[in-house]
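Colleague: have a look at this fold, sequence not included:
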């Protein structure tokens with residue numbers, strides 16, 4: 001809540017996705033740790049060894065959500081299996097998929113808020129650093145296709161020569177991609193804060209920064225970026241995950257390069273970012289904070 005202020009009027013909402021609309025970290029940690037333990041149990045390779053090899057692959061592919069991961073782990077490739085590791089250890093993949101489905105859920109109030117904004121004619125844009133494929137999957141899983149007008153993400157990671165995403169798909173084609181939400185890509189390797197991307201989004205919708213709300217969970221990446229371009233910055237403080245259980249696992253297997261780690265340290269060492277607006281209890285506080293096309 002942000003009491004004592006008149007409501008600024010806005011014509012566009014731009015929102016981060018991970019840990020703003022849904023708890024990405026919880027879903028990743030629950031699914032990845034379950035898969036890792038099951039894979040170690042089935043293969044006889046220690047969790048510690050798998051973690052070291054996984055980080056190498058993740059760094060090479062530029063993502064912590066790499067669908068072809070098991071087929072590039074040296075300890076599994078040396079085992080002389082009668083099929084590729086991804087097939088041979090499908091129990092581990094089933095475990096990952098089950099937990100991912102279970103824990104990928106919207107924060108309370110998100111869907112109702114987006115429905116109200118659509119009814120009021122306010123376009124909602126999603127902007128995420130995550131890659132295309134799994135971002136689309138989460139939007140389908142949470143039934144936000146169509147509630148987001150446009151989605152901006154990085155393109156998908158590279159696959160080995162001769163392997164396509166179509167070959168990795170287990171379900172009919174209609175279960176992939178988005179139907180109503182338009183998906184646009186930002187240049188590969190673009191990291192927040194990226195004020196040029198935020199300016200482009202506002203330009204695409206012909207909205208001045210003073211009439212655009214940007215909300216995200218990261219002070220240094222989201223809030224600072226919004227302030228750089230003069231948008232109405234909002235901190236989704238309910239979504240902070242840096243101190244959550246299992247964050248050390250993410251660090252051990254992350255695709256973050258040493259350069260990116262240093263960049264994060266530099267961002268963290270900058271003067272504290274103070275958000276103009278904060279959402280403490282949930283996404284639905286946006287409707288109480290801004291005049292987004294009408295009264296609540």
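Modeller: Everything's here; your move. Worth saying up front: this structure is predicted, and the values here are computed from it rather than measured.

Colleague: the protein: helices as residue ranges?
Modeller: Counting by DSSP state H, the segments of the chain that form helices are 24-43, 47-61, 74-77, 85-88, 90-103, 110-119, 132-141, 165-168, 195-204, 224-229, 247-253, 258-269, 286-289.

Colleague: contacting residues around the fifth one?
Modeller: Same thing as helix 90-103. With contact meaning Cβ atoms under 8 Å, 6 or more residues apart in numbering, helix 90-103 is reached by 23, 26-28, 30-32, 34-35, 38-39, 42, 70, 86, 141. C-beta here means a position set from N, CA and C on the backbone, and glycine is covered the same way.

Colleague: mind picking the two most distant members of these?
Modeller: Farthest-apart pair in the contacts of helix 90-103 is 23 and 42; separation 27.9 Å (Cβ to Cβ).

Colleague: neighbour-wise, which of the two wins?
Modeller: Set side by side, residue 23 and residue 42 give different neighbour counts by other Cβ atoms under 10 Å, the larger being at residue 23 (22 against 15).

Colleague: show the buried residues in the contacts of helix 90-103.
Modeller: 23, 26-28, 30-32, 34-35, 38-39, 70, 86, 141 (16 or more other Cβ atoms under 10 Å).

Colleague: make CSV from these and add distance to residue 63 and pLDDT to it.
Modeller: Below are the buried ones among the contacts of helix 90-103 laid out as CSV (distance: Cβ to Cβ, whole Å; pLDDT from 0 to 100):
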residue, distance to residue 63, pLDDT
23, 19, 94
26, 18, 93
27, 15, 95
28, 11, 95
30, 18, 96
31, 15, 97
32, 12, 97
34, 19, 98
35, 15, 98
38, 21, 99
39, 18, 99
70, 15, 97
86, 16, 95
141, 18, 97
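
Colleague: buried ones in stretch 116-124, by neighbour count?
Modeller: Along stretch 116-124, these residues count as buried under the neighbour rule (16+ other Cβ under 10 Å): 116-118, 122-124.

Colleague: before we move on, the earlier item: just the contacts of helix 90-103 now: which is nearest residue 55?
Modeller: Distances from these to residue 55 were compared by Cβ to Cβ; the smallest belongs to residue 32, at 12.2 Å.

Colleague: now that closest one: how far from residue 191?
Modeller: Computed as Cβ to Cβ, to the nearest Å, the residue 32 to residue 191 distance reads 22 Å.

Colleague: just residue 282 next, same as before
Modeller: According to Cβ to Cβ, residue 282 stands 27 Å off from residue 191.

Colleague: ok, residue 75 next?
Modeller: When Cβ to Cβ is applied, the distance between residue 75 and residue 191 equals 31 Å.

Colleague: kindly report the same for residue 254.
Modeller: Distance from residue 254 to residue 191, counting by Cβ to Cβ: 13 Å.

Colleague: show me what contacts residue 145?
Modeller: Residue 145 sits in contact with 139, 178-181, where contact means Cβ under 8 Å, 6+ apart.

Colleague: show me the beta-bridge partners of it.
Modeller: Bridge pairing for residue 145 (DSSP bridges) gives the partners residue 148.

Colleague: kindly report the same for residue 152.
Modeller: Beta-bridge partners of residue 152, as defined by DSSP bridges: residue 127, residue 184.

Colleague: and it, how many neighbours?
Modeller: Using other Cβ under 10 Å, residue 152 has 24 neighbouring residues.

Colleague: same check, this time on residue 90
Modeller: 14.

Colleague: where does this protein have its least confident helix or strand?
Modeller: Every helix and strand of the chain was ranked by mean pLDDT, DSSP states H and E. The lowest is helix 165-168, at a mean of 60.

Colleague: distance from stretch 31-42 to the middle of the chain?
Modeller: Centroid displacement of stretch 31-42 relative to its chain, using Cα atoms, centre = their mean, to the nearest Å, is 22 Å.
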